[in-house]
Every structure is written in structure tokens, then in C-alpha cells.
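Visitor: show me the folded form of this:
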Amino acid sequence: MSTFKFQNVLDNVPQNTDAAILLPDFKLEKEGKKKVKHLLEHNRLTKIIKLPKETFNSEGVSVSIFIFETGQPTNPDDGIFTCEIAEDGLETVKNQGRQDIKHRWSAIEDFWVRTIKRCDTQADKSCQWITPDLKNYKQLSVPIPQKPFVIYDEDFMKTVMDYEMFKQNINSSKLQDALKQTVLYQSQVVENKQNIDIKIKKGVTNESIE
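Guide: Model (predicted):
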């Protein structure tokens, strides 16, 4: 449904009515600013609920429910409650679509109805309040979770080794080649119950790796 069409719907709903509109994710950010400006000046966007990605999987579209209070302007200071229903418990049955064959939806529905009604940010990690940017008409959708920045031990050690070799003016490529040759042809492999040890005799000189 285009912004213009559902704006007409909202204009004909009594004031102070909660109205739910199903839209593709990021629809409001991609729509023309004039249309969105008019929409938000006459209706307060209160909640956005992102539906499971499988809901309209056959259409290749991810969607959210946008809840408006009609006849009231959207105020950034009020914030917008957002959440993501990542799973609905339904499973795909061949030639029959998605069905609640394990009877999970009832409990999931009760949980989300309660959470959304209360705007409970503690109920699920996806629940949060966002502040809409009404100057640029951004932040009008459920935020995409940011992946945590993780440093693995291997990456840390590699960085340290690279830095130490740089300080000592050691050619890392030549060192790697020298170690490979030594491990393959001049080492002794000893296996025990817990480890496989590679023993290398001293003898690789600085000249061979600089």
C-alpha cells in the first residue's frame, strides 16, 4: 500500500484511534519526504513491530506493523517503541504454506501482545525505544542489530607478531616461507595422547629471512 493510499485511510479514521498499517521495512524512509511529512504531522507513529522474515517469504519482502494514533502529530520526544518478532512458531508444509503444526503460536502471541501493549523493553532484546529524525525522516523503522565487535586470540597474536617483525625489520613473507620449509623438511614430529609437537633445530639465521 502506498503512503498516499493509507494516508487517505488514516484521514477517515476517528481521531485518537490506534490504527495498524502493514508496510515493507524502511518504507517511510524511502517514500517522498512531503508525503511522509504530511503523514507524521497528522498521525503519531507510536510503535513498529517487525514480523518474522518468513511471513511473506514467497514475495521476498520483509514487513513491519506500523501503529499510528490518528489525528495527533508525531513528536520525537515521545519516542517510538520498536521490537522484532523473530519467530512465530510456524513451519512450512509442502504445498500447504506455513502452519502452526506444533501449536506454538498461541503462547508466542500471548507473549508479544503483552509485551507490545506494555512497551516492555525488558521482555526481549529486540525491544527498544527510538527517537525519530523528523528533519531527515530517518529512524522510522526497527533498527538493524549491530554485530558485536569481536577480537579473537589468533587475530590479536598475529597483530602483535606483525608489529614485532616490523620493528625488527623482518620480512614476514620470507619468514613464513623459511618456517614452512623447515617444518616440512627439517623438523621432527612427536605425537602423544594430547598433542602433536613439532620440534625444529636451531639454525634459521636472520640473513635467511631479511
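
Visitor: for the helix or strand bottoming out on mean pLDDT in the chain, name the packing helices and strands.
Guide: Lowest by mean pLDDT, DSSP states H and E among the helices and strands of the chain is helix 3-11, with a mean of 76. When contacts are defined as 3 or more CB pairs under 8 Å, 6 or more residues apart in numbering; DSSP states H and E, helix 3-11 sits against strand 18-24, helix 33-42. Quick note: C-beta positions are derived from backbone N, CA and C, even for glycine.

Visitor: who's in contact with residue 126?
Guide: 50, 82-84, 86, 142, 145 (CB atoms under 8 Å, 6 or more residues apart in numbering).

Visitor: could I get the full set of strands for this protein?
Guide: Assigned by DSSP state E, the chain shows strands spanning 18-24, 43-50, 63-70, 80-84, 91-93, 97-99, 128-130, 187-191, 196-200.

Visitor: residue 193: neighbouring residues, count only.
Guide: 4 (other CB atoms under 10 Å).

Visitor: dihedrals phi and psi, it?
Guide: Main-chain dihedrals, residue 193, degrees, to the nearest 10: phi -70, psi -30.

Visitor: so which residue is dead centre in this structure?
Guide: residue 145 (3.2 Å; CA atoms, centre = their mean).

Visitor: list phi and psi for that one.
Guide: phi -60, psi 140.

Visitor: so it versus residue 129, what's the distance?
Guide: Look at residue 145 and residue 129: by CB to CB, to the nearest Å, they are 15 Å apart.

Visitor: what residues are up against the nearest residue to residue 88 once chain neighbours are set aside?
Guide: Nearest residue to residue 88 in three dimensions, chain neighbours excluded: residue 52, at 4.9 Å (CB to CB, 6 or more residues apart in numbering). Each residue near residue 52 by CB under 8 Å, 6+ apart is listed here: 85-88.

Visitor: got the contact list for residue 137?
Guide: Contact analysis of residue 137 by CB under 8 Å, 6+ apart lists 28-29, 33, 36-37, 40.

Visitor: that older thread, most widely separated two among the contacts of residue 126?
Guide: Using CB to CB, the contacts of residue 126 reach their maximum pairwise distance at 82 and 86, which is 13.1 Å.

Visitor: what about those two, which has more around it?
Guide: Applying other CB under 10 Å to residue 82 and residue 86 shows that residue 82 carries more neighbours, namely 22 against 12.

Visitor: against residue 129, how distant is the more buried one?
Guide: Taken as CB to CB, the span from residue 82 to residue 129 is 7 Å.

Visitor: of the contacts of residue 52 - the most surrounded one?
Guide: If you count neighbours using other CB under 10 Å, the busiest of the contacts of residue 52 is residue 85, which has 20 neighbours.

Visitor: picking that back up, skipping adjacent residues, who's closest to the residue nearest to the centre of the chain in space?
Guide: Distances taken as CB to CB, 6+ apart place residue 126 nearest to residue 145, at 7.5 Å, with adjacent residues excluded.

Visitor: again with residue 198
Guide: residue 187 (5.1 Å).
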